[in-house]
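Enquirer: build me a model from this:
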Amino acid sequence: MKRIDLRSDTVTQPTQKMRDAMYNARVGDDVYEDDPTVIELEAYAAQIVGKEAALFVPSGTFGNQLSLFTHCNRGEEVILGEDSHIVTDEVGAASVIAGVQLRTLQSNKGELNPADVKCRIRREEEDIHYPSTGLICMENAHSNGRVISIENMKSIYEIAKEKCVPVHLDGARVFNAAAHLNVDVKEITKYCDSVNFCLSKGLCAPIGSMLAGSKKFIEKAKKKRKLMGGGLRQAGFLAAAGLVALKEMKERLIEDHENAQLLGKELSKIQGIKVALDYIHINMVFFDMSDTGYDADQFVEEMKEKGIIINPPENGSLRFVTNYWVSKEDVDYVLASMKEILSK
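Expert: Predicted coordinates for the structure are as follows:
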């Protein structure tokens, strides 16, 4: 029986071309800066997002936290959405690593109100009680599945420049965002000073993310990466897969989006299932099946028996994530299986 894994796009396996590239990779000691494949990956990654330099890091969380650690002084404040990945899913690392305070704002489906951002920016010289705002963070695509408009990013970036505050973009799925907006990714990343983006997830590399920004920022980040334990040695084996991911996998992300749209549309036709159709911008489908009256834990187990791996509900909502290894035929099978289970 084929296994269809809809838990996340983090479950993707590397393609055969990635495996071949890893096997044949030219490597060196990256801490000594003599791994040719890592050097190539960092140069290419910086180029495609329109930044001066880039740094290979183990994960998206590592890249985000390294950015906070590099941009900010201890005790400073970071403005970001209360539902952002840095707040909800990075283990409170900002307090441990960068030693910063997170000043969260309520978002509108992941989008921050520029006026709210502007009035939250603080400077310690304005009042002895204030911490300084050290950084503003945005997320695109958002982990709720929606893509933030370029206009919103531009407005916040202009406010930040006026106030001399840097902006970091959590762009774990920024290429999904670019595919949804049908723009070159640089049209998104020009409205941030640093950006973290994943080579894994929808791009299928087995491990790794990139942190990109100015040469000065990356030079500073490189030392802090070493402090965090991210100074890898013969990392070219991993970088080789990352190069394939960036050169060959970005353009096909729209296929995952189309499969998610199909999945969401057909799920919404099943009695008792409520699909957040307006959230399907990329490869994520969120839905509530509580009105079916079917026990959620039993549903997860019965789907597993049919070879479909899913996560249990979180806050009453289930999430299915399409990816390179989930075909349209797989989507059809998932839908048929759900109808069979729920018809009992």
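
Enquirer: going forward, measure contacts between C-alpha atoms and count neighbours the same way
Expert: Fine.

Enquirer: against which helices or strands is the lowest-mean-pLDDT helix or strand in the chain packed?
Expert: Every helix and strand of the chain was ranked by mean pLDDT, DSSP states H and E. The lowest is helix 296-305, at a mean of 95. If you count contacts as 3 or more C-alpha pairs under 8 Å, 6 or more residues apart in numbering; DSSP states H and E, helix 296-305 packs onto helix 328-342.

Enquirer: residues in contact with the helix it packs on?
Expert: Here helix 328-342 makes contact (C-alpha atoms under 8 Å, 6 or more residues apart in numbering) with 4, 259, 262-263, 266-267, 270, 292, 294, 299, 302-303, 306, 308.

Enquirer: next: stretch 302-320.
Expert: For stretch 302-320, contacts defined as C-alpha under 8 Å, 6+ apart pick out 1-8, 284-290, 296-297, 300, 334, 337-338, 341.

Enquirer: now list the buried members of those residues.
Expert: Neighbour counting by 16 or more other C-alpha atoms under 10 Å classes 4-8, 284-289, 296, 300, 334, 337-338 among those as buried.

Enquirer: pLDDT check: weakest of those residues?
Expert: Of all these, residue 296 has the smallest pLDDT value, namely 89.

Enquirer: any idea how far residue 318 is from that one?
Expert: In this view, residue 296 and residue 318 are 9 Å apart by C-alpha to C-alpha, to the nearest Å.

Enquirer: before we move on, what about residue 80?
Expert: In terms of C-alpha to C-alpha, residue 80 sits 25 Å off from residue 318.

Enquirer: neighbour-wise, which of these two wins?
Expert: residue 80 (25 against 18; other C-alpha atoms under 10 Å).

Enquirer: tally up the residues packed near residue 119, please.
Expert: Using other C-alpha under 10 Å, residue 119 has 8 other residues around it.

Enquirer: going forward, count from 36.
Expert: Okay, residue one is now 36; in that scheme the one you just asked about reads as residue 154.

Enquirer: so what's residue 80 scoring on pLDDT?
Expert: On the pLDDT scale, residue 80 gets 98.

Enquirer: show me what contacts it?
Expert: For residue 80, the contacting residues are 89, 245, 247, 281, by C-alpha under 8 Å, 6+ apart.

Enquirer: my guess is residue 181 contacts residue 315, does it?
Expert: Yes - using C-alpha atoms under 8 Å, residue 181 makes contact with residue 315 at a distance of 6.6 Å.
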